[in-house]
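Asks: got a sequence here, can you model it:
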Amino acid sequence: MVVKVIDASALVASIFLEQEAGLIDGRTAGAELAAPARLGFEMANACRTKLQRNPGVRDVLLTQFRSYLAMSVNIHEIDLLATLLLAEQFDLTAYDASYLWLACELDAELVTLDRRLARAAARLSQT
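Replies: Predicted coordinates:
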């Protein structure tokens, strides 16, 4: 099975049915998903922000968040030194670089909506 690393920007779009959901779902269909251990916190924080901004759809948002909790995403620990070096090399946050490091480690495609992170992944794959 093909493994793909998914970042929070992409997974939030998919789970909360944002405009890019179809694109992300198409890119991840049939793949085994992987992410750094921090993904759960990012997803919970994204849901919290959506709850604050849209209190009228609280039940819908919580149902969507529960669908994330039911998903199968393989969670991985990250090499922090290697992540730091990637962050420095590509001028990324360490948070974003953790997804890049994992994609490199697993030799997997990185699925992201973050343009800066996507450019770094493309540059890294050319080397």
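Asks: surely Val111 meets Arg27?
Replies: Yes - counting by CB atoms under 8 Å, Val111 does reach Arg27; the two are 5.2 Å apart. (C-beta placed from N, C-alpha, C; glycine too.)
Asks: for the two, list the residues in contact with both.
Replies: Counting by CB atoms under 8 Å, 6 or more residues apart in numbering, the residues touching both Val111 and Arg27 are Lys4, Ala10.
Asks: who are the contact partners of the closest residue to Thr112 other than its chain neighbours?
Replies: With sequence-adjacent residues excluded and distances taken as CB to CB, 6 or more residues apart in numbering, Thr112 is closest to Asp7, at 4.4 Å. By CB under 8 Å, 6+ apart, the residues touching Asp7 are Ala35, Leu39, Asp96, Tyr99, Leu110, Val111, Thr112, Leu113, Asp114, Leu117.
Asks: repeat that for 7 Å
Replies: Taking CB atoms under 7 Å, 6 or more residues apart in numbering, we find Asp7 in contact with Tyr99, Leu110, Val111, Thr112, Asp114, Leu117.
Asks: relative to Leu85, how far out is the third one?
Replies: Between Val111 and Leu85 the computed distance is 23 Å (CB to CB, to the nearest Å).
Asks: then the first one?
Replies: Counting by CB to CB, the gap between Tyr99 and Leu85 amounts to 15 Å.
Asks: neighbour-wise, which of those two wins?
Replies: Under the criterion of other CB atoms under 10 Å, the comparison of Tyr99 against Leu85 puts Tyr99 first, with 31 against 13.
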